[in-house]
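Here is a sequence together with a model predicted from it:
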Amino acid sequence: GCLRVALDEMVPITHLSRFVSNADSNYGVRAIVLEVGETRNGNPKYLLQPETIDDQVISEGSLILYSKDIKQEVWPGDTLIGRLILNSPRGKRNPHDFDYGKYLEGRDIYFEAFLDNAEDVVVHARGTGSLSLFMQDIQDFISNHFHEYLTPRSAGILSALILGEKSEIEETTRNNFANTGVIHVLAVSGLHVGYVSLILITLFGLLRLPHQIQMGSVIAGLLFYVGLTGAAPSVMRASIMASLIIVGGLIERKSDILNILATAAFIILIISPSQLVNIGFQLSFLAVLSIVTLFPIFKKRVNAFPISSFSIVGKLMLPILDLFLVSLAAQLGTLAITIYYFNKIPIISLAANLVVVPLIGVIVATGMSFLLIGSVFPILARTWAATIEGAIDFMLWFVQICAGADWAYISVRSIQYFELIIL
């Protein structure tokens, strides 16, 4: 572990972070376009990987270009050449303030760029392809399919749930989910990986392949889904855990959930040690660890009361009670870092999760089937789209109602490191 961290911190002299820019100076930049997106104000932004800056070779690192003046159409994989003004992202300005510079650095972005003169920009269409560009093309295909049949708002929600692309979600919607304490459902997580696994197992099962080949194909499919969603920590965790369980079954070994969880964390950190300070990594692993350790304790206490023997209503309440206890376990396990990062204690989230989590399951399952069946049978796509639209509209309405409650959350002061450790 120490060796891997040391290797991770060995930054080559040609890394972009080593480049020093002078204020208000412009530089001749040749860069590959990695992503094309929009700011929250709807203005274009481009994630660029520089190849040279003023003839100085750049081997690693990226920057963001903000500009609405580029006249040519720009696509991922294109080469952009022009003179750019490079500025270092702003850092923390007050104690406990959000450190935007550190956030971008965690995404391997070291400069914000602006055009010096839009007329000087030249864009060359991409030549050879790559795996990342292939994934980007598939993402664009899926996103376009959603936008063809759904309203922009619903298409943005579905893209976030299935692809992990949250740029199209409105700021008001984000705030409503955050204040309700259910912002986690907008991230691609273990629930989505579970549905992908189920679909893959069903598809490969229909092909009547040998069991070992079926399971190997499922693992390959999960790895593909990890790449498709941008390798979010929660997706990597769930996919690695699912793959380990499959491998355990193939070699006829019992699976221990804590060992599998620890192994998933170890593999992710070996690949990228910086994930340890990623909030998504922390929330994902703490939530699962809490559910694994606390839920059985809660369940044992509840089973002491023979609720199932009271009536049919009591039996119907058991799944709802289980979902409540899972939410309670996850919230208790992540409460300390929720306070540390967001200065909020969600109150209404325990009740909201009882509605939102099952609804997300319906939307994700319907969305994936819509993607598969709707692409093959366009006639059925309209029916599927109407179902998804109704479910998303109801979910957004419910979350808005919950977020409007005065007691939805409690705002608390910022806490210090020692308080975080005590909590």
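In hand now; what should we look at? Numbers count the residues shown, from 1 in each chain.

In contact with residue 14, which residues?
Contact analysis of residue 14 by C-beta atoms under 8 Å, 6 or more residues apart in numbering lists 56, 57, 58, 59, 60. All C-beta atoms are positioned from the backbone trio N, CA, C, and that covers glycine.

Check those against residue 186 and report the nearest one.
Checking those against residue 186 with C-beta to C-beta, the nearest one is residue 60 at 30.3 Å.

The closest one - how many residues pack around it?
By other C-beta atoms under 10 Å, the residues close to residue 60 number 15.

And the pLDDT for it?
Note on residue 60: pLDDT of 89.

one step back: pull out the buried members of the contacts of residue 14.
residue 58 (16 or more other C-beta atoms under 10 Å).

Now render the contacts of residue 14 as a markdown table, adding distance to residue 328.
Shown next, in a markdown table, are the contacts of residue 14 (distance: C-beta to C-beta, whole Å):
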| residue | distance to residue 328 |
| --- | --- |
| 56 | 55 |
| 57 | 54 |
| 58 | 49 |
| 59 | 48 |
| 60 | 43 |
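
farthest pair in the contacts of residue 14?
Using C-beta to C-beta, the contacts of residue 14 reach their maximum pairwise distance at 56 and 60, which is 13.3 Å.

Which strand or helix spans residue 178?
Secondary structure assignment for residue 178, by DSSP states H and E: helix 171-180.

Run through the neighbouring helices and strands of that helix.
Applying 3 or more C-beta pairs under 8 Å, 6 or more residues apart in numbering; DSSP states H and E, we find helix 171-180 packed against strand 344-346, helix 349-376, helix 378-403.

so after it, what's the next helix or strand?
helix 190-206.

gap between the helix or strand just after that following helix and the chain center?
Counting by DSSP H and E, the next helix or strand C-terminal to helix 190-206 is helix 211-228. Going by C-alpha atoms, centre = their mean, to the nearest Å, the spacing between the C-alpha centre of helix 211-228 and its chain's C-alpha centre is 20 Å.

List the buried residues in helix 211-228.
Buried-residue list, helix 211-228, by 16+ other C-beta under 10 Å: 214, 215, 216, 217, 218, 219, 221, 222, 225, 226, 228.

which strand of this protein spans the most residues?
Assignment by DSSP state E gives strand 26-38 as the longest strand of the chain.

For that strand, which strands pair with it and how are they oriented?
With DSSP bridges as the test, strand 26-38 is paired with strand 44-53 (antiparallel), strand 79-87 (antiparallel).

neighbouring contacts of it?
21, 44-55, 62-63, 74-86, 113, 116, 132, 136, 167.

model confidence over that strand, on average?
On average, strand 26-38 scores 86.

Any regions of this structure where pLDDT drops low?
Along the chain, the model assigns pLDDT under 70 to residues 23-24, 127-130, 306-315.

Touching stretch 334-344 from outside, list them.
By C-beta under 8 Å, 6+ apart, stretch 334-344 touches 178-179, 181, 279, 282-283, 286-287, 290, 331, 345-346, 409-415, 420, 423.

repeat that with 10 Å
96, 98, 178-179, 181, 183-184, 279, 282-287, 289-290, 331, 345-346, 349, 408-417, 419-423 (C-beta atoms under 10 Å, 6 or more residues apart in numbering).
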